[in-house]
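A.B. asks: Prediction below, plus the sequence it came from.
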Number of protein chains: 2
Amino acid sequence: MQPQLEEVEARVAQQAAAFDPAIEGYVTYAIGSRGKRLRPLMALLSGGASGSITSGHLDLAVIVELIHIATLVHDDIMDEAERRRAQPTVNARWGNSLSVLLGDCLFAQALNLSTNFDNAEISRVIARAAREVCSGEIIQTQRRFDLHLAIDEYLRIVEMKTGSLFAAAAELGAVLNQADVETTRALKTFGSKIGAAYQIYDDCLDIAGNENEIGKTLGTDLRKGKMTLPILMLLRSAPAEERERYCELILSEQTSAIAHLLQSEAPNGALRSSLDAADESVRDAQSELHALPPNLFTDSLFQLGDALREMLDQVRV
Amino acid sequence: MQPQLEEVEARVAQQAAAFDPAIEGYVTYAIGSRGKRLRPLMALLSGGASGSITSGHLDLAVIVELIHIATLVHDDIMDEAERRRAQPTVNARWGNSLSVLLGDCLFAQALNLSTNFDNAEISRVIARAAREVCSGEIIQTQRRFDLHLAIDEYLRIVEMKTGSLFAAAAELGAVLNQADVETTRALKTFGSKIGAAYQIYDDCLDIAGNENEIGKTLGTDLRKGKMTLPILMLLRSAPAEERERYCELILSEQTSAIAHLLQSEAPNGALRSSLDAADESVRDAQSELHALPPNLFTDSLFQLGDALREMLDQVRV
């Protein structure tokens, strides 16, 4: 896997050259802060599991990562984030206007690349996934500080804003191999459920992680009014009189008090239940893999799930 | 033309239904403030001039308009604009975060629609045009308050940020009719030059128009540090001692003093020269039409140029 991931990295880096020289530097900066490249990994492993990893899979990996980076650039504007992966964010460095436009550019370039495939279905799935990601984020924005957000609604937001791009990476990995309908469906569902689980993990980490270990400011979701699963679980299962106090803490953005509550596990195991929900999503994803031809890459997909389950365990108190 | 434009209007309105119900309302709001629909007109007339106006041309018209609307939503964030076409802007009404995401959604939907064509070239040209529009705006943002911006550089920005989407509309109008290479090239150049001329017109209007007649706040470009053609012309041809005073007025954003200077025409006819440049771009565009089959739609494209020339004349003092 490593050589292919290196090649994806090289192709991502080459993307800067597709832009006007005046813009190249910003693009290099935005794509350079090496992330986890989970979506590229999903595209490649899906390719391997459903046939073989072709040059088209490497391009697909680049496309999904560019879309992800574009959404991060825009997210950082909305969150007024100062740092990402120990570097100043694009907005912190060059302001919001440039960030809006740079995100748009990266997004346009991803869609431009997707039109290089003979199969128009690739572009269609990519464009729809991008629409889903943004739609999920709009709904999340709409429901800020909404203490009545149902857990189902939260799960739907998570599937839209994170699951859909993972799902597209996995689905298209199979489409590029002209895999059969069942294989394609199974991989798409796998991607969606892994993506959703990863988002729940990230949401739990934001409220209950250890800032020193993680190296980023925590509690940002709550400060921005994002009602994440541990918060919703805390509210759902609390006795009426406690619930009122929790609501006050949330609305007055007392992040550390809430984090303390969740970590002490005194109230109702809200953090544990949230991590359990993510764990279940991973296991659902893994169960989809039975539909796939058994091979090394299918095994790797399963192990990707196991790795995520371990990460979930590390957030448990 | 009117029935086809009405049909485009109906199809644009239908786009809202492609989104999640939670988002539909915002989309309806953003697409509802009926603009001039110049880019759809370009797509349709180009179709007529190069063959016939098919249902594909109506879809193309919807796509270019959606991309235009997406860029307006993002522009209004960057300009901190409060009103557009006598309505509160999306950002004024629902904040910047929602506006960033809504623009992204509209853009993704436009690209999604473009994948419905059998010919992947359509999506490719659309995605590239979108990248050009944003790249042009990035360069413009970079060069804010840059008194040394060359007129050629300004013209390049204008071609990128406005010309490229007009060019794509006109080019693809021909591509959909499988027109020959020369017809396609001529229409693309026509679109680019009309787009550029329209942007210069808009830039002149912002500094020298009559606020009461136009119904929007003027002088915004200067306040945002956008170095537009009349400003650049004013600086270029001014005697050294005057130039310094003008620079001070620009950097201290004294819009009305600059507007007065341009309108009094005392200094050097900077406004006139700018309008002349736009007029020349229109005439260049019109001269491309000789390469097209003579028909009613080719005539209409010529008249579109004449209408723009009249608009330019109305800004003259």
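C.D. replies: Arrived safely. Numbering: from 1, shown residues only, chains lettered A, B, ... in the order given.
A.B. asks: Next, count neighbours for A:Pro88.
C.D. replies: A:Pro88 has 15 neighbours, counted by other C-beta atoms under 10 Å in any protein chain shown. C-beta: built from backbone N, CA, C; applies to glycine.
A.B. asks: Local confidence estimate at it?
C.D. replies: We have a pLDDT of 90 for A:Pro88.
A.B. asks: contacting residues around it?
C.D. replies: Each residue near A:Pro88 by C-beta atoms under 8 Å, 6 or more residues apart in numbering or on different chains is listed here: A:Glu82.
A.B. asks: where in the stretch 201-317 of chain A is pLDDT low?
C.D. replies: A:210-218, A:265-268, A:317 (pLDDT under 70).
A.B. asks: Contacts for stretch A:179-195 next, please.
C.D. replies: The contact list for stretch A:179-195, computed with C-beta under 8 Å, 6+ apart, reads A:42, A:46, A:49-51, A:159, A:162-171, A:173-175, A:281-282, A:284-286, A:288-289, A:291-293, A:301, A:304-305, A:308.
A.B. asks: which parts of the stretch 51-200 of chain A sit against chain B?
C.D. replies: With the criterion set to C-beta under 8 Å from any C-beta of the partner chain, the stretch 51-200 of chain A comes near chain B through A:71, A:74, A:77-78, A:96-98, A:100-105, A:107-109, A:111-112, A:114-118, A:120-121, A:123-124, A:127-128, A:130-131, A:134-135, A:137-139, A:141-142, A:160.
A.B. asks: Among these, name the ones in helices.
C.D. replies: Residues from these lying in helices, with DSSP state H as the criterion: A:71, A:74, A:77-78, A:96-98, A:100-105, A:107-109, A:111-112, A:114, A:120-121, A:123-124, A:127-128, A:130-131, A:134-135, A:137-139, A:141-142.
A.B. asks: Out of those residues, which end up buried?
C.D. replies: A:71, A:74, A:77-78, A:96-98, A:100-105, A:107-109, A:111-112, A:114, A:120, A:123-124, A:127-128, A:130-131, A:134-135, A:137-139, A:141-142 (16 or more other C-beta atoms under 10 Å in any protein chain shown).
A.B. asks: Now the residue of the stretch 151-300 of chain A found nearest chain B: closest residue in space that isn't a chain neighbour?
C.D. replies: Distance from chain B to each residue of the stretch 151-300 of chain A (C-beta to the nearest C-beta) is smallest for A:Met160, at 7.8 Å. Closest residue in space to A:Met160, ignoring its immediate chain neighbours: A:Gly136 at 2.8 Å, by C-beta to C-beta, 6 or more residues apart in numbering or on different chains.
A.B. asks: Could you do A:Tyr29 as well?
C.D. replies: Distances taken as C-beta to C-beta, 6+ apart put A:Val90 closest to A:Tyr29, at 6.8 Å, once the chain neighbours are dropped.
A.B. asks: Next: A:Ala197.
C.D. replies: A:Ser281 (3.9 Å).
A.B. asks: Go over the secondary structure and confirm the one you found is in a helix.
C.D. replies: Yes - counting by DSSP: H, G, I helix; E, B strand; the rest coil, A:Ser281 is part of a helix.
A.B. asks: residues contacting it?
C.D. replies: Contacts of A:Ser281 (C-beta under 8 Å, 6+ apart): A:193-194, A:196-197, A:200.
A.B. asks: ok, the residue nearest to A:Tyr29 touching A:Ala30?
C.D. replies: Yes - in terms of C-beta atoms under 8 Å, A:Val90 counts as a neighbour of A:Ala30; the distance is 5.6 Å.
A.B. asks: Name the residues contacting each of these two.
C.D. replies: Among the neighbours of A:Val90, those also in contact with A:Ala30 (C-beta under 8 Å, 6+ apart) are A:73, A:102.
A.B. asks: Now the buried members of the contacts of stretch A:179-195.
C.D. replies: A:42, A:46, A:49-51, A:159, A:162-171, A:173-175, A:281-282, A:284-286, A:288-289, A:291-292, A:301, A:304-305, A:308.
A.B. asks: Low-confidence regions, the stretch 1-150 of chain A specifically.
C.D. replies: Of all residues in the stretch 1-150 of chain A, those with pLDDT under 70 make up the ranges A:34.
A.B. asks: same thing but at 80, please
C.D. replies: Low-confidence segments of the stretch 1-150 of chain A, defined by pLDDT under 80: A:33-34, A:85-86.
A.B. asks: mind checking how far A:Thr189 is from A:Val133?
C.D. replies: Counting by C-beta to C-beta, to the nearest Å, the gap from A:Thr189 to A:Val133 is 18 Å.
A.B. asks: where's the residue lying farthest from the centre of chain A, which helix or strand?
C.D. replies: Going by C-alpha atoms, centre = their mean, the residue of chain A most distant from its centre is A:Glu241, 35.4 Å out. Secondary-structure assignment from DSSP states H and E places A:Glu241 in helix A:240-251.
A.B. asks: Distance of A:Tyr26 relative to A:Ser99?
C.D. replies: Counting by C-beta to C-beta - A:Tyr26 and A:Ser99 are separated by 9 Å.
A.B. asks: Need the overlap of contacts for these two.
C.D. replies: Residues touching both A:Tyr26 and A:Ser99 (C-beta under 8 Å, 6+ apart) are A:Val90.
A.B. asks: Need the residue closest to the centroid of chain A.
C.D. replies: Centroid-nearest residue in chain A: A:Thr162, 4.2 Å away (criterion: C-alpha atoms, centre = their mean).
A.B. asks: gap between the two ends of stretch A:47-64?
C.D. replies: The first residue of stretch A:47-64 is 14 Å away from its last residue (C-alpha to C-alpha, to the nearest Å).
A.B. asks: Could you list the buried residues of that stretch?
C.D. replies: Those would be A:47-51, A:53, A:56-64, for stretch A:47-64 by 16+ other C-beta under 10 Å.
A.B. asks: quick one, what contacts the residue farthest from the centre of chain A?
C.D. replies: A:Glu241 touches nothing, counting by C-beta under 8 Å, 6+ apart.
A.B. asks: residue contacts, A:Leu165?
C.D. replies: By C-beta under 8 Å, 6+ apart, the contact set of A:Leu165 is A:39, A:64, A:67-68, A:129-130, A:132-133, A:195.
A.B. asks: Out of the residues you listed, grab the one that's most surrounded.
C.D. replies: Counting neighbours by other C-beta under 10 Å, A:Val64 leads these with 31 neighbours.
A.B. asks: Just to be careful, could you list which of the contacts of A:Ser281 are in helices?
C.D. replies: Going by DSSP H, the helices hold A:193-194, A:196-197, A:200 from the contacts of A:Ser281.
A.B. asks: just to revisit the earlier point, can you check the pLDDT for the residue of the stretch 151-300 of chain A closest to chain B?
C.D. replies: Taking A:Met160 on its own, its pLDDT is 98.
A.B. asks: Having no further points to raise, I will conclude here.
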